[in-house]
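Trainee: Provided below for reference: sequence and predicted model.
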Amino acid sequence: MPSVRRSVIINRPIDEVFTFFTTHSNDVKWRPHVKEISASRTPAVGERIHQVVPGPGGRGIPADLEVTAFERPTHYAFQVVAGPVRPRGDFVFTTTGDGATEVALSLSADLGGLKKLLMGGSVQKAMEGEVAGLDTAKRLLEGS
(Lines give C-alpha, C1' and ligand atoms only; values in the text may rest on other atoms or scores of the structure.)
Protein backbone atom coordinates (compact mmCIF):
# COMPACT_ATOMS: atom_id res chain seq x y z
CA MET A 1 0.00 0.00 0.00
CA PRO A 2 1.58 3.31 -1.05
CA SER A 3 1.66 5.81 1.80
CA VAL A 4 3.55 8.87 2.91
CA ARG A 5 3.55 11.27 5.85
CA ARG A 6 5.33 14.59 6.22
CA SER A 7 5.08 17.62 8.45
CA VAL A 8 6.27 21.20 8.18
CA ILE A 9 6.32 24.16 10.56
CA ILE A 10 4.73 27.30 9.12
CA ASN A 11 5.34 30.60 10.88
CA ARG A 12 1.72 31.72 10.77
CA PRO A 13 -1.25 31.35 13.17
CA ILE A 14 -3.21 28.09 13.05
CA ASP A 15 -6.47 29.68 11.80
CA GLU A 16 -4.71 31.26 8.83
CA VAL A 17 -2.89 28.01 7.96
CA PHE A 18 -6.05 25.90 8.28
CA THR A 19 -7.96 28.34 6.06
CA PHE A 20 -5.23 28.25 3.41
CA PHE A 21 -5.24 24.46 3.16
CA THR A 22 -9.03 24.16 3.17
CA THR A 23 -9.56 26.84 0.52
CA HIS A 24 -9.27 24.65 -2.54
CA SER A 25 -8.64 27.47 -4.96
CA ASN A 26 -5.19 27.58 -3.29
CA ASP A 27 -4.46 23.96 -4.28
CA VAL A 28 -3.18 24.85 -7.76
CA LYS A 29 -0.60 27.12 -6.09
CA TRP A 30 1.03 24.45 -3.92
CA ARG A 31 -0.08 20.98 -5.12
CA PRO A 32 2.08 20.02 -8.11
CA HIS A 33 -0.33 17.42 -9.51
CA VAL A 34 -3.50 19.51 -9.65
CA LYS A 35 -4.40 20.69 -13.14
CA GLU A 36 -7.85 21.98 -12.20
CA ILE A 37 -10.03 22.21 -9.10
CA SER A 38 -13.55 23.52 -8.52
CA ALA A 39 -14.75 24.38 -5.07
CA SER A 40 -16.77 27.49 -4.37
CA ARG A 41 -16.96 27.56 -0.60
CA THR A 42 -15.36 26.38 2.61
CA PRO A 43 -15.59 22.59 2.65
CA ALA A 44 -17.97 20.68 4.90
CA VAL A 45 -18.10 16.98 5.68
CA GLY A 46 -19.71 15.16 2.77
CA GLU A 47 -18.98 17.87 0.20
CA ARG A 48 -17.53 16.68 -3.11
CA ILE A 49 -14.85 18.72 -4.80
CA HIS A 50 -14.05 18.27 -8.48
CA GLN A 51 -10.38 18.07 -9.36
CA VAL A 52 -8.40 16.98 -12.40
CA VAL A 53 -4.90 15.47 -12.21
CA PRO A 54 -2.49 14.34 -14.93
CA GLY A 55 -3.17 10.87 -16.29
CA PRO A 56 -1.46 8.62 -18.80
CA GLY A 57 -0.09 10.53 -21.76
CA GLY A 58 -0.56 13.82 -19.91
CA ARG A 59 -4.31 13.90 -20.38
CA GLY A 60 -6.37 15.04 -17.42
CA ILE A 61 -8.38 12.55 -15.40
CA PRO A 62 -11.01 13.31 -12.76
CA ALA A 63 -9.93 12.67 -9.20
CA ASP A 64 -12.84 14.14 -7.28
CA LEU A 65 -12.62 14.07 -3.52
CA GLU A 66 -15.09 13.97 -0.66
CA VAL A 67 -14.45 15.79 2.60
CA THR A 68 -14.46 13.25 5.46
CA ALA A 69 -13.41 15.49 8.37
CA PHE A 70 -13.57 19.24 8.91
CA GLU A 71 -12.76 20.29 12.47
CA ARG A 72 -11.60 23.91 12.45
CA PRO A 73 -8.73 24.59 13.05
CA THR A 74 -7.10 21.23 13.83
CA HIS A 75 -8.20 18.52 11.39
CA TYR A 76 -9.17 18.16 7.75
CA ALA A 77 -9.45 14.88 5.82
CA PHE A 78 -10.66 13.64 2.46
CA GLN A 79 -11.17 10.54 0.33
CA VAL A 80 -10.71 10.57 -3.44
CA VAL A 81 -13.93 9.16 -4.94
CA ALA A 82 -13.23 9.28 -8.69
CA GLY A 83 -10.39 8.02 -10.84
CA PRO A 84 -8.39 4.82 -10.95
CA VAL A 85 -6.61 5.45 -7.63
CA ARG A 86 -8.53 6.61 -4.57
CA PRO A 87 -6.17 7.77 -1.85
CA ARG A 88 -7.13 9.10 1.56
CA GLY A 89 -5.61 12.29 2.88
CA ASP A 90 -5.40 13.58 6.41
CA PHE A 91 -4.18 16.99 7.62
CA VAL A 92 -3.51 17.64 11.30
CA PHE A 93 -2.76 21.22 12.42
CA THR A 94 -1.08 21.92 15.76
CA THR A 95 -0.04 25.22 17.31
CA THR A 96 3.60 25.29 18.36
CA GLY A 97 4.85 27.13 21.44
CA ASP A 98 5.98 30.15 19.43
CA GLY A 99 2.66 30.78 17.64
CA ALA A 100 3.61 28.91 14.49
CA THR A 101 1.65 25.95 13.13
CA GLU A 102 2.79 22.40 12.46
CA VAL A 103 1.02 20.87 9.47
CA ALA A 104 1.16 17.07 9.19
CA LEU A 105 -0.11 15.54 5.95
CA SER A 106 -0.63 11.79 5.54
CA LEU A 107 -1.66 10.11 2.30
CA SER A 108 -2.38 6.44 1.66
CA ALA A 109 -3.91 4.39 -1.11
CA ASP A 110 -5.17 0.82 -0.97
CA LEU A 111 -4.03 -0.90 -4.14
CA GLY A 112 -4.55 -4.58 -4.66
CA GLY A 113 -3.66 -7.15 -7.26
CA LEU A 114 -2.86 -5.84 -10.70
CA LYS A 115 -3.24 -2.17 -9.69
CA LYS A 116 -0.58 -2.62 -7.01
CA LEU A 117 1.79 -4.25 -9.47
CA LEU A 118 1.21 -1.80 -12.32
CA MET A 119 0.63 1.45 -10.45
CA GLY A 120 2.24 1.14 -7.01
CA GLY A 121 5.49 2.90 -7.89
CA SER A 122 3.90 5.78 -9.77
CA VAL A 123 1.28 6.29 -7.06
CA GLN A 124 3.99 6.39 -4.37
CA LYS A 125 5.96 8.93 -6.41
CA ALA A 126 2.88 11.11 -6.95
CA MET A 127 2.07 11.06 -3.22
CA GLU A 128 5.65 12.01 -2.38
CA GLY A 129 5.28 14.96 -4.76
CA GLU A 130 2.07 15.99 -3.01
CA VAL A 131 3.65 16.14 0.45
CA ALA A 132 6.73 17.89 -0.98
CA GLY A 133 4.29 20.64 -1.96
CA LEU A 134 4.10 21.54 1.73
CA ASP A 135 7.35 23.46 1.23
CA THR A 136 5.70 25.58 -1.46
CA ALA A 137 2.69 26.21 0.81
CA LYS A 138 5.07 27.28 3.58
CA ARG A 139 6.78 29.79 1.26
CA LEU A 140 3.42 31.16 0.12
CA LEU A 141 2.05 31.54 3.64
CA GLU A 142 5.23 33.06 5.04
CA GLY A 143 5.49 35.45 2.11
CA SER A 144 8.98 34.48 0.97
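Mentor: Sure thing, it's come through. Numbers count the residues shown, from 1 in each chain.
Trainee: quick one, what contacts the residue nearest the centre of the chain?
Mentor: Nearest to the mean C-alpha position of the chain, counting by CA atoms, centre = their mean, stands residue 89 at 6.0 Å. Residues counted as contacts of residue 89 (CB atoms under 8 Å, 6 or more residues apart in numbering) are 65, 77-80, 105-107. Yep, even glycine has a C-beta here, placed from its N, CA and C like the rest.
Trainee: next one: residue 81
Mentor: 48, 64-66.
Trainee: if I look at it, how far off is residue 89?
Mentor: Per CB to CB, to the nearest Å, residue 81 is found 12 Å from residue 89.
Trainee: now do residue 75
Mentor: Residue 75 is 12 Å from residue 89, by CB to CB.
Trainee: what do you get for residue 11?
Mentor: Residue 11 is 23 Å from residue 89, by CB to CB.
Trainee: that older thread, in ChimeraX, how would I select the buried members of the contacts of residue 89?
Mentor: Entered in ChimeraX, the line below selects the buried ones among these, by 16 or more other CB atoms under 10 Å:
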select :65,77,78,80,105,106,107
